[in-house]
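Asks: Just to be clear, the model below is a prediction. Sequence and coordinates:
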Amino acid sequence: MTELSSSPLRLLILISGNGSNLQAIVNEILAKKLNAVITKVISDQSDAFGLTRAARAGISTEILTRKNYPDRKTFFQALKEMLLACDCDLIVLAGFMQILPADIVNHFEGKMINIHPSLLPKYRGLHTYQQVLDANDTQHGVSVHFITADLDAGPLIAQAVFAVRPGEDLLSLQSRGQALEHRLLPKVIGWFADKRLQYQQNTVIFDQKTLGTFGLQFSEAELIKN
Ligand code: GRF
């Protein structure tokens, strides 16, 4: 287990929906396996269930909906001010369904990560599980990466890979993928908390070594058993 001696990593989490990844992070913090504190959860959807999860965990929340702003520019300006005011160490996009403008991404370069339900660079964007089925892929997985101005294309930190079973349906694929997300994302955040992970000019450094294109690789068995 991680030694919880240094000051906790300050996290800000952005969500749009169910918040199951947020819950996974909360659970690891409560179990004292992750030396972090969630300073705030921001949602762009007022009915996101993740807001209820955050409130139950006693975490401060903000709702920032696009319809309350005259245009995209003012909406993202308000978001940027909120992110700056939070003074956090790491911003985690956990199912946040907005494409951030370059000025936000550039400002927080190296301090912002995303979880994506595919083995990037395959299947950027939405409906990744359906695309895997349509293509008859034999393997699938999830990725955690730094955010850069290119959608779902920032340097990869880690991936979890699993074999698609013959005849497997969408629901099964989704639930296996999400189970892996819930293990992988807190694990990556823990590396930040333990100062094992850094971002340097579009590359990822882990334990003083530069990671390869796909980041650290984990199998389903490794993540679900440990
Ligand atoms: C996750 O599957 C993540 O990969 C994608 O959005 C989903 C969010 O799920 N970016 P939840 O809100 O954490 O349950």
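Replies: Sure, I can see it. Numbering: from 1, shown residues only.

Asks: what does this structure put close to the ligand?
Replies: 15, 17-21, 50, 94-95, 115-117, 178, 181 (Cβ under 6 Å from any ligand atom). Where C-beta positions appear, they are placed from N, C-alpha and C, glycine not excepted.

Asks: Among those residues, which one is most surrounded by other residues?
Replies: Top of the residues of the chain next to the ligand by neighbour number is I15, holding 27 neighbours under the definition other Cβ atoms under 10 Å.

Asks: so what's that one closest to, chain neighbours aside?
Replies: G50 (4.0 Å; Cβ to Cβ, 6 or more residues apart in numbering).

Asks: The residues of the chain next to the ligand into CSV, with extra columns for pLDDT?
Replies: CSV is the format used below for the residues of the chain next to the ligand (pLDDT from 0 to 100):
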residue, pLDDT
I15, 98
G17, 97
N18, 98
G19, 98
S20, 98
N21, 98
G50, 98
A94, 98
G95, 96
I115, 97
H116, 96
P117, 97
Q178, 98
E181, 98
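
Asks: now, which of the residues you listed lie within strands?
Replies: Counting by DSSP state E, the part of the residues of the chain next to the ligand found in strands is I15, I115, H116.

Asks: Please verify my assumption that the last one contacts G141.
Replies: To tie it back to what came earlier, the one meant is H116. No. Using Cβ atoms under 8 Å, H116 makes no contact with G141, being 10.0 Å away.

Asks: Looking at the ones in strands among the residues of the chain next to the ligand, which one is closest to the ligand?
Replies: I115 (4.6 Å; Cβ to the nearest ligand atom).

Asks: separation between the closest one and K122?
Replies: 15 Å (Cβ to Cβ, to the nearest Å).

Asks: phi, psi of the residue of the chain found nearest the ligand?
Replies: Residue nearest to the ligand within the chain: G95 (2.5 Å; Cβ to the nearest ligand atom). The phi/psi pair for G95 (degrees, to the nearest 10) reads phi 80, psi 30.

Asks: so how far is H116 from the closest residue to A179 other than its chain neighbours?
Replies: With sequence-adjacent residues excluded and distances taken as Cβ to Cβ, 6+ apart, A179 is closest to I224, at 6.6 Å. Look at I224 and H116: by Cβ to Cβ, they are 19 Å apart.
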